[in-house]
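Trainee: Structure here, sequence nowhere to be found:
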């Protein structure tokens, strides 16, 4: 129902916009009078580029936090995609003595590894060096995705910077290992180790062949010179110290996806439509799709049996899909679909002349 309401509002706004353009062309005097009256009621609250919008919003939120909520926001959970943290430390909203600390979203930090590796493969290809071929040990798109998962897991499974760095480098050297040159010194020891080599040693057994037990083999001779600088940069102490708490922006991203499904971020929308989209998205985020009828009543729309039935059906489908997602079969299928989607996205980005948005890239 909320989607139908938003579409009705959008169509009315388009009609109003076309009528104002016609008035400007045919009757400029009347348009001037309308414009003077409109300026007093105009909903525009920001002028500037879309990239600076997040920075400006942070300025407003931090400056009013004490007066509005009697709170000081001294920690910022950042994704590194904008200069919000830099701007807040420049304006010092709470005075010179109170410093704002930055914590990193673990998922966004992991994306930086994937972004760096894909950019490296692209740059090498331009120079005539192939790193992402089809043979064993090549840095393919699937290998990059797995390395990103290993990096994320190394951060999440450790609570101090030294252990994180050791686990990150262990994940890389584990992939470099061969029967002739096993490099598992950094891998955790013990019978419950994720490393087959260390597990076999702990059980006093002969380790199996690397060819069958290394799931993401990498050619050390060909790739080490390219990968090691990236891994060393992304395992620096100042970066990993911001990941110790292991926080993510999953809840925020989930809410944002509900808002964007109602009001796409790549199209202009009036303030009233954005506010309507945010309010209905927050209600669904907190209470589920079954709350759509309550949202409609809040905005003065009449609701009936069918709307409540539709909300209950969407809620049932949501629960059913959540249970379905945890099954192993669906997990494997998701991996295949994700890999295919990533490949299509890479091809599209190359056709467009390179990435226009990437975690921590700009």
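Mentor: Nice, thanks for sending it over. As the structure is a prediction and not an experimental result, all values here were calculated from the model.
Trainee: hey, where'd the helices end up in the stretch 201-350 of the chain?
Mentor: Across the stretch 201-350 of the chain, reading from the start of the chain, the helices by DSSP state H, counting those that start in this stretch fall at 210-213, 220-233, 237-240, 250-262, 271-287, 292-298, 305-325, 328-351.
Trainee: Pull out the buried positions in the fifth one.
Mentor: Okay, so that is helix 271-287. Of all the residues in helix 271-287, those buried under the rule 16 or more other C-beta atoms under 10 Å are 273, 276, 277, 279, 280, 281, 283, 284, 285. For the C-beta atoms, the positions are set from N, CA and C on the backbone; glycine is no exception.
Trainee: and of those residues, the nearest to residue 233?
Mentor: residue 285 (36.1 Å; C-beta to C-beta).
Trainee: Next up, the contacts around the closest residue to the closest one other than its chain neighbours.
Mentor: Distances taken as C-beta to C-beta, 6 or more residues apart in numbering place residue 255 nearest to residue 285, at 5.0 Å, with adjacent residues excluded. When contacts are counted by C-beta atoms under 8 Å, 6 or more residues apart in numbering, residue 255 is found next to 281, 282, 285.
Trainee: Geometrically speaking, which residue is the centre of the protein?
Mentor: Within the chain, the residue whose C-alpha comes closest to the C-alpha centroid is residue 108; the distance, by C-alpha atoms, centre = their mean, is 5.9 Å.
Trainee: got the angle for the helix or strand containing that one vs helix 220-233?
Mentor: Residue 108 belongs to helix 106-126 when assigned by DSSP states H and E. When axes from the mean of the first three to the mean of the last three C-alpha atoms, to 10 degrees is applied, the directions of helix 106-126 and helix 220-233 differ by 140 degrees.
Trainee: Quick one: neighbours of residue 229, just the number.
Mentor: 12 (other C-beta atoms under 10 Å).
Trainee: Let me know the distance separating it from residue 236.
Mentor: When C-beta to C-beta, to the nearest Å is the yardstick, residue 229 and residue 236 sit 12 Å from each other.
Trainee: hang on, the earlier thing: mind putting the helices of the stretch 201-350 of the chain into CSV with distance to residue 56?
Mentor: CSV is the format used below for the helices of the stretch 201-350 of the chain (distance: least, C-beta to C-beta, whole Å):
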stretch, distance to residue 56
helix 210-213, 52
helix 220-233, 30
helix 237-240, 26
helix 250-262, 18
helix 271-287, 15
helix 292-298, 28
helix 305-325, 35
helix 328-351, 28
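Trainee: how about those helices in CSV, adding mean pLDDT and distance to residue 180?
Mentor: Written out in CSV, the entries for the helices of the stretch 201-350 of the chain read as follows (pLDDT from 0 to 100; distance: least, C-beta to C-beta, whole Å):
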stretch, mean pLDDT, distance to residue 180
helix 210-213, 90, 9
helix 220-233, 92, 11
helix 237-240, 92, 32
helix 250-262, 87, 42
helix 271-287, 85, 54
helix 292-298, 72, 62
helix 305-325, 81, 42
helix 328-351, 77, 30
